[in-house]
Every structure is written in structure tokens, then in C-alpha cells.
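# Need a 3D model of the following:
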Amino acid sequence: MNENSIQGFVKSKEWNLQYIIEGQGPDVFVIGSALYYDRTFSKEIRKHCRMIFVDHRGYAGGSSSTKKEDFSLDIILEDMELVRNELGLGKIILVGHSGHGYMALEYAKKYPQNVSHLILMCLTPDLSKKSHELIQSHFQETASEDRKKYFEKRMSKLTEAIAKDPKNAFRIFNIFSGAKSWFDFKYDSDKLWEGIEVNTAMFDHVWGEVFRDIDIKIDLEKIKIPVYLALGRYDYLMPPAYLWDPILPLFADLKIQFFEKSGHTPQLEEPEEFDSAVLSWLKEKKAL
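Below is the predicted model of the structure:
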């Protein structure tokens, strides 16, 4: 975080949804963890866009609820709308990375009047059993031997690491599975997760059940706005990109772009290329 940023919280029942705002330009609303995404998007992009990083309940303090009904997709979307209203935002450029892409996509369907452009990053059409099987086979068949060996070495220490700090199991898993996450497979992402609260029950339900069963094709025709889909060539957390093939024609206005030296986080792994590509697209689509 930077001294020029505006920071605060929006209260949704017991949850304290953090936001961090920095930059100049059109409003770009990034759903997920305010802290994590503030750390992964460049300073350069903030010269062109006002970046608004916002928590969902899985990363918010104030409640330790484990009730599934507190983490329904509808409630997550309502929280996003609550924050947008509380911050006095008009139409937003909405960004969803990884599983947060489903949140962004479904918000754009539910509140089409509030979204001018949609940026989806490093996600697959669903997290079904088939998708998970393809993640494993894709990694085994296409990853380098060095990458696979390093992954196995890290995984062999995962159980012990989680046993020492079970409350942070989700965070620890993300750090230890770096060989699937990053182009530089030995990259240590620990600092990106520093100080971030995680509600494991939320992730178990939303990632393990809601996104397993989601069908993004439903109401996709409601998405009339420009959509940008960014994928990392070395993203082994996701299954092969061909799973998008039957979905792509359903978008009214879609640009898909691969980042050739990125895994799961191109905005951090290739910041210059990412910023240039996204800003060029936003200019083309009359957002800048």
C-alpha cells in the first residue's frame, strides 16, 4: 500500500470488507482480496486507471462464520453492489482473477447497468470434477521435469506445514503449490499473502461446491459489453485452455489473450506486457 491510496472498510453485517483505492482514470473494480490484488497490480497501471481493490467475505475480518448460507453467490454479488454504492461509483470496469472471475461474470449478468467492461483472468469455465482431472493430467503431460520434481518436493512438506498452522491452510496451500502457479516455478509468494485473513469455510464451499457446479453459459447472452480474457501460458492451476472453445462464441464482444511467460498471475509476472495489452484494449473499447 502507498501513502497516496485511500483505504477503508464497508460493513456488511459482521463482515468488514476492506477496500484500497489508488490511481487516476476510469474506475477499475477488482474483486477478491484488497491486500493481495493491491500487491499484484503494477504502479504503472494506476497512472491510467483508478484501481479499486475490494474484499469478499472469504478475505474479510469481523466474522468467523462457517455457515454456507453466509457465502452464497448471490450474497457475494450483493456485497459487491453494496461496496460500489457505498463508494459512490458509477459504471465500473470489473476485474475478476481466478475464481473471482466467476464473481465478476455473474455480477455483470445481475447488474449489467453498472459494468462498462469486463476483464476475466486465469480462469476456466468451471471447477468441476472433470476440470480438476484435466488440471492433473495437463500438468503431468506438459510440465517440465524440473517443475514437476519441485512441485513434489514442496507437496511432501505441505501436510506438516498445515498441521503447524491449520487456520491458514488455504494460504499455505497456495504458497506451496507455486510450481503450478508461476512461470518461475520457484517463486516464493509468501509476501503476497502477508497479513491476509482467510475464511477457510468460505473457500471450501464457494470454490469446492459453487464453482464446481456453476454453468456460466446461463444468461451469458446478457453480457453485451466488451470482455477481455487473459490467460497465462504456464498456468498449471487451470486445465487446458481448449475448455473455453465451446463458450467463446457465446460472448458478444470478446478478446482472448495469452501471456507467454506467465502462470496464474500475468499482472505480476509480466507487468509491462499485461499493462500495455489491457490499456490498449481499454483504449480500443473507448474506456480511456
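
# I'd like to know how many residues surround residue 144.
11 (other C-beta atoms under 10 Å). (Each C-beta comes from the backbone N, C-alpha and C, glycine too.)

# now the helices: where do they sit in the stretch 51-200 of the chain?
Taking DSSP state H, counting those that start in this stretch as the test, the helices found in the stretch 51-200 of the chain are 73-86, 100-110, 129-142, 145-155, 158-164, 169-176, 178-181, 200-205.

# got the angle for the fourth one vs helix 169-176?
With axes from the mean of the first three to the mean of the last three C-alpha atoms, to 10 degrees as the criterion, the two stretches helix 145-155 and helix 169-176 enclose an angle of 150 degrees.

# pLDDT score for residue 195?
pLDDT for residue 195: 93.

# and the closest residue in space to it that isn't next to it in sequence, what element?
In space, and not counting its chain neighbours, residue 195 is closest to residue 35: 6.4 Å by C-beta to C-beta, 6 or more residues apart in numbering. Taking DSSP states H and E as the definition, one finds residue 35 inside helix 34-40.

# Run through who's touching that helix.
Residues from elsewhere that reach helix 34-40 (C-beta atoms under 8 Å, 6 or more residues apart in numbering): 1, 5, 18-20, 22, 30, 51, 53-55, 59, 97, 191-193, 195-196, 265, 267-268.

# Of those residues, keep whichever come out buried.
18-20, 22, 30, 51, 53-55, 59, 97, 192-193, 196, 265, 267-268 (16 or more other C-beta atoms under 10 Å).

# Tell me which residues touch residue 174, please.
By C-beta under 8 Å, 6+ apart, the neighbours of residue 174 are 181, 189, 193.

# got a pLDDT number for it?
So residue 174 comes in at 94 (pLDDT).

# Assess the claim that residue 128 and residue 212 are in contact.
Yes - Residue 128 is in contact with residue 212 according to C-beta atoms under 8 Å; the separation is 5.6 Å.

# Between those two, which has more neighbouring residues?
For residue 128 versus residue 212, neighbours defined as other C-beta under 10 Å are more numerous around residue 128 (17 against 14).

# Enumerate every residue touching the more buried one.
212, 213.

# Centre of the chain to the one helix or strand residue 280 maps to, how far?
Counting by DSSP H and E, the element that carries residue 280 is helix 271-284. Put simply, helix 271-284 sits 18 Å off its chain's centre (C-alpha atoms, centre = their mean, to the nearest Å).

# And stretch 130-140, by the same measure?
20 Å.

# going forward can the numbers begin at 50, since that is how I track them
Noted, 50 is the first residue going forward, which turns the last one into stretch 179-189.

# and that stretch, what's its mean pLDDT?
Mean predicted lDDT for stretch 179-189 stands at 98.

# What of stretch 72-84?
98.

# Just the endpoints, please. Distance across it?
16 Å (C-alpha to C-alpha, to the nearest Å).

# List the buried residues in that stretch.
72, 74, 75, 76, 77, 78, 79, 80, 81, 82, 83, 84.

# Any chance of CSV for those residues, columns distance to residue 60 and secondary structure?
Listed next are those as CSV, based on distance: C-beta to C-beta, whole Å; DSSP: H, G, I helix; E, B strand; the rest coil:
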residue, distance to residue 60, secondary structure
72, 25, strand
74, 28, coil
75, 27, coil
76, 21, strand
77, 23, strand
78, 18, strand
79, 20, strand
80, 17, strand
81, 19, strand
82, 18, coil
83, 15, helix
84, 18, helix
